[in-house]
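S.K.: Just to be clear, the model below is a prediction. Sequence and coordinates:
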Amino acid sequence: LPQELLRDDLLDLFAGTKALLREDPHQERVKARLAIRSVEAQQVIHRIRMHGYSKEEKAGIGALLLQLQALVARVGHLVSYRKNLPQAAEPMLRPRLERLDSEFHQMLDTFSECFRRGDCRREFPTLHKAVNAMDETVQEIRQSEILHVHKVTEPLRILDLVGRYHAIADNLEECSRLIRQLGIERYWGDYAL
């Protein structure tokens with residue numbers, strides 16, 4: 001059924017994004033698989049024909065897919081950038097970034113569980129505390145002036161990396177909002193067309 005293909009594509013998009021985050025050694029293969037799944041999911045949403053699958057629902061799933069496509073691209077870039085933290089700031093900032101990475105994984109796991117079970121009527125984790133902790137650490141780094149003796153490129157690298165984390169957090173929060181609005185329990189699973 002098209003809705004089962006869509007579910008499988010979404011589950012693969014969540015799993016693949018997690019693989020990129022944990023720096024899977026086959027990054028290019030993962031990115032190619034995610035591109036294929038993304039296109040397939042876009043095609044499948046137009047083939048679902050059943051009671052309860054409204055234009056609004058189709059638009060919601062389409063918006064979710066766009067967020068996931070942006071997320072995959074951003075995570076792919078983040079992985080290469082997060083390796084280059086300035087040494088002076090690394091002890092302070094690295095634990096905050098690792099916490100965010102962990103929370104990104106937790107959020108993706110929650111999305112997967114939602115689609116596996118076909119029920120999105122639940123609370124989703126948020127990233128607000130982890131993002132705020134990262135921002136506070138960046139402020140502490142600025143106030144400590146530990147990067148004051150370094151080239152201007154060092155603080156700019158930190159700001160670029162923090163901006164990338166913010167963008168991914170925003171993507172995931174938007175995915176959460178979109179998923180909560182879906183009524184997938186009406187058409188997910190073993191229902192016939």
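M.R.: Thanks, I have the structure now.
S.K.: so where's this structure shaky on pLDDT?
M.R.: Along the chain, the model assigns pLDDT under 70 to residues 51-52, 147-151, 184-193.
S.K.: packing partners for the helix or strand harbouring residue 68?
M.R.: Take DSSP states H and E as the rule and residue 68 turns out to sit in helix 55-81. If contacts are counted by 3 or more CB pairs under 8 Å, 6 or more residues apart in numbering; DSSP states H and E, helix 55-81 sits against helix 2-21, helix 27-44, helix 153-181. Every residue, glycine included, has its C-beta placed from N, CA and C.
S.K.: Tell me which of those helices sits most buried.
M.R.: A comparison of the helices and strands packed on helix 55-81 by mean neighbour count, using mean count of other CB atoms under 10 Å, puts helix 2-21 on top with a mean of 20.
S.K.: Can you name the residues in contact with it?
M.R.: By CB atoms under 8 Å, 6 or more residues apart in numbering, the surrounding residues in contact with helix 2-21 are 27, 30-31, 33-34, 37-38, 40-41, 44-45, 47-50, 53, 61, 64, 68, 71-72, 75-76, 78-79, 101, 104-105, 108-109, 111-112, 115-116, 118, 187-188, 191, 193.
S.K.: relative orientation of that helix and helix 153-181 in degrees?
M.R.: Helix 2-21 and helix 153-181 are oriented at 160 degrees to each other (axes from the mean of the first three to the mean of the last three CA atoms, to 10 degrees).
S.K.: re earlier: tell me the buried residues within the contacts of helix 2-21.
M.R.: 30-31, 33-34, 37-38, 41, 44-45, 48, 53, 61, 64, 68, 71-72, 75-76, 78-79, 101, 104, 108, 111-112, 115, 118, 187-188 (16 or more other CB atoms under 10 Å).
S.K.: Looks like residue 24 contacts residue 33 (just checking).
M.R.: No. Residue 24 is not in contact with residue 33 according to CB atoms under 8 Å; the separation is 10.6 Å.
S.K.: Give me the distance between residue 19 and residue 160.
M.R.: 23 Å (CB to CB, to the nearest Å).
S.K.: what does residue 55 give?
M.R.: Using CB to CB, one obtains 39 Å as the distance from residue 55 to residue 160.
S.K.: okay, how far is it across stretch 138-156, tip to tip?
M.R.: End-to-end distance for stretch 138-156: 12 Å, by CA to CA, to the nearest Å.
S.K.: Pull out the buried positions in it.
M.R.: The neighbour-count check on stretch 138-156 (16+ other CB under 10 Å) flags 138, 141, 146-147, 154-155 as buried.
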